[in-house]
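Asker: just need the structure, nothing else, for what follows:
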Amino acid sequence: MHPSSQLTLPNALTLLRILAIPFFAIALWYGHHWQACILFAAAGFTDLLDGLIARTFNQSSDLGAILDPAADKLLMTTAFVLMAWRTEGMTAPIPVWVAILAVMRDLVISFYSIASADHMTNAKFRPSLLGKLSTAMQLIAISLGLLFNAIGYRPWMDPLLPEMYWAVATLALASGIHYFMRATQTPVA
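Answerer: The predicted model follows:
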């Protein structure tokens, strides 16, 4: 069987991450912040582990190339939406406007990529450094938000949280604009 058509260990870990998303969402919705934090951390660990296994044991696959980023986006979108919903007991919710910018950036890029896939090169779909910085900042903001919600309010959070959310919003906008500039650029002949 060709590696791209079989269920590899990295793909199984990715599927496990996808299956954990509803449990993460339930924990977050009902204010079980420690459980949500642990599930998010476990998802991050399996993401690192599946990538390491795929590279080390040459288990990369076409299925994994689709599932892995989809799992990441599903988890991040779930976190943004629910942390912006301001459920009870949340000391570090994500501002709605930040969640909207982050989620809309990903949705618009995804729809644009699908709509124009037939006439664009793979190089235009690769994440840029700015896109990777945006994703990293989103991951940090969600992780810290989950941790802060789990430990409860501390006065030192007051200056940190707004700065962090402004960084998420700024990078989401900048990387979204950069992506479109790259995607719509005509190649020089």
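Asker: buried set for the lengthiest helix in the chain?
Answerer: In the chain, with assignment by DSSP state H, the single longest helix is helix 157-183. Residues 157, 161, 164-165, 167-169, 171-172, 175-176, 179, 182 are the ones in helix 157-183 that count as buried (16 or more other C-beta atoms under 10 Å). The way it works is simple: take the backbone N, C-alpha and C, and place the C-beta from them, glycine included.
Asker: do the same with stretch 137-153
Answerer: 137, 138, 139, 141, 142, 145, 146, 148, 149, 150.
Asker: of those residues, which is the nearest to residue 104?
Answerer: Of all the buried residues of stretch 137-153, residue 138 has the smallest distance to residue 104: 12.8 Å, by C-beta to C-beta.
Asker: wait, that closest one touches residue 73, no?
Answerer: No. If you go by C-beta atoms under 8 Å, residue 138 and residue 73 don't touch, sitting 10.5 Å apart.
Asker: which ones among the buried residues of stretch 137-153 lie within strands?
Answerer: Counting by DSSP state E, no part of the buried residues of stretch 137-153 is found in strands.
Asker: in the protein, which helix or strand is least confident?
Answerer: helix 96-115 (a mean of 88; mean pLDDT, DSSP states H and E).
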